[in-house]
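Asker: heads up, no residue letters with this:
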């Protein structure tokens with residue numbers, strides 16, 4: 001009897017809960033309808049929370065570095081113990097080895113053009129009137145880094161590797177960072193575009209199946225909890241690299257010449273360390289930009305960055321140590337050599353690396369290698 005009574009009471013409770021949930025669901029739908037708000041917006045936010053809180057890419061990155069927003073995690077796949085793409089190297093230069101360091105974003109991080117550059121320069125070494133028997137190229141690039149991250153990285157870490165030559169291949173990420181939508185206030189360090197890259201912890205209620213969000217009651221409850229706990233995380237923040245918003249044509253320009261200022265700083269530091277600098281314009285296939293965005297506006301932004309790079313190199317022309325290599329105007333890949341508007345296939349990167357090496361070799365003819373030690377201003 002007691003078991004039957006328990007089962008009957010339990011049934012009443014379950015039926016009551018079902019009726020209560022049904023009534024609350026109905027009320028929620030009515031409130032949503034009267035408010036005119038689209039429920040799909042709430043569901044999309046919940047889906048975003050799930051994506052960013054369960055994403056694993058940051059395991060390949062150190063997001064707790066004290067001065068950089070993130071960097072490749074040392075000893076992760078393809079990364080050496082110094083936190084750079086490629087083979088291990090010593091901070092001390094090896095006598096008789098020409099050391100070249102490459103700064104850039106993903107187009108450098110991909111690794112294929114630095115590898116091709118090293119191979120081609122090694123072939124050209126005998127023709128150079130230089131005190132070196134071989135060549136090594138250090139890859140100081142990282143995905144989505146702009147010139148801001150490269151400046152910090154080079155100034156506080158990379159400079160200690162003492163490269164003889166420095167290659168700067170930036171443009172596209174600075175183009176993205178140089179525009180912004182309505183709302184954010186432009187900042188000279190690009191912090192309007194990028195925030196600290198740290199995914200939120202996964203909330204306990206995210207463990208419940210996403211299918212429950214078909215009920216407006218559960219979906220809104222999850223949304224309210226997510227908003228309360230994840231305050232400060234942007235719903236439009238891209239999952240990778242802490243970028244706050246995606247590029248769209250028509251965005252307003254920032255009033256700051258951050259790219260030019262960053263290049264000036266990098267070049268100045270390099271020259272003070274007796275390093276010769278090659279500023280390379282970034283290739284961008286306009287027709288692929290048109291296919292993606294419907295116009296050439298982004299290609300125009302990249303071209304503006306390239307002209308700024310040319311201008312900076314010209315300002316240091318009198319040193320005889322800064323060269324502008326116009327890859328954007330000189331190399332002519334076809335679509336089969338492009339992954340997208342600015343990233344090459346391995347074959348395309350091989351072409352880029354070989355072209356940079358050949359142009360370097362021409363510029364280095366007659367260059368003095370017995371440079372004085374950097375000035376001590378103390």
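Answerer: Noted; the coordinates are in hand. A quick note: this is a predicted structure, and the numbers were derived from the prediction, not measured.

Asker: any idea how far residue 361 is from residue 100?
Answerer: Computed as C-beta to C-beta, to the nearest Å, the residue 361 to residue 100 distance reads 12 Å. For every residue, glycine as well, the C-beta is placed using N, CA and C.

Asker: nope, residue 143 is what I meant
Answerer: For residue 143, the distance to residue 100 - C-beta to C-beta - is 21 Å.

Asker: show me the shaky parts of the stretch 51-200 of the chain.
Answerer: 55-58, 199 (pLDDT under 70).

Asker: let me see the contact set for the residue lying closest to residue 180 once chain neighbours are set aside.
Answerer: Excluding the flanking residues, the one nearest residue 180 by C-beta to C-beta, 6 or more residues apart in numbering is residue 192, at 5.3 Å. By C-beta atoms under 8 Å, 6 or more residues apart in numbering, the residues touching residue 192 are 180, 184, 185, 186, 244, 254.

Asker: same deal with residue 63?
Answerer: 69, 70, 196, 197, 198.

Asker: before we move on, back to that, more neighbours: residue 361 and residue 100, which one.
Answerer: It is residue 100, of residue 361 and residue 100, that has more neighbours when counted by other C-beta atoms under 10 Å, with 24 against 17.

Asker: enumerate the beta-bridge partners assigned to that one.
Answerer: Judged by DSSP bridges, the bridge partners of residue 100 are residue 137, residue 165.

Asker: show me the strands in the chain, by range?
Answerer: Secondary structure of the chain by DSSP state E: the strands cover 61-62, 71-72, 97-104, 134-139, 165-169, 179-180, 252-253, 276-280, 322-325.

Asker: what would those look like in JSON lines with distance to residue 205?
Answerer: Listed next are these as JSON lines, based on distance: least, C-beta to C-beta, whole Å:
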{"stretch": "strand 61-62", "distance to residue 205": "27"}
{"stretch": "strand 71-72", "distance to residue 205": "33"}
{"stretch": "strand 97-104", "distance to residue 205": "41"}
{"stretch": "strand 134-139", "distance to residue 205": "42"}
{"stretch": "strand 165-169", "distance to residue 205": "45"}
{"stretch": "strand 179-180", "distance to residue 205": "33"}
{"stretch": "strand 252-253", "distance to residue 205": "38"}
{"stretch": "strand 276-280", "distance to residue 205": "49"}
{"stretch": "strand 322-325", "distance to residue 205": "54"}
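
Asker: for those strands, which one sits closest to residue 41?
Answerer: strand 179-180 (22.4 Å; C-beta to C-beta).

Asker: name the strands paired with the closest one and say parallel or antiparallel.
Answerer: Under the criterion DSSP bridges, strand 179-180 sits next to strand 252-253 (antiparallel) in its sheet.

Asker: still on that earlier bit, make a markdown table out of the contacts of residue 192 and add distance to residue 333 and neighbour count.
Answerer: Putting the contacts of residue 192 into a markdown table (distance: C-beta to C-beta, whole Å; neighbours: other C-beta atoms under 10 Å) gives the following:
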| residue | distance to residue 333 | neighbour count |
| --- | --- | --- |
| 180 | 31 | 21 |
| 184 | 35 | 14 |
| 185 | 38 | 8 |
| 186 | 34 | 18 |
| 244 | 32 | 17 |
| 254 | 30 | 19 |
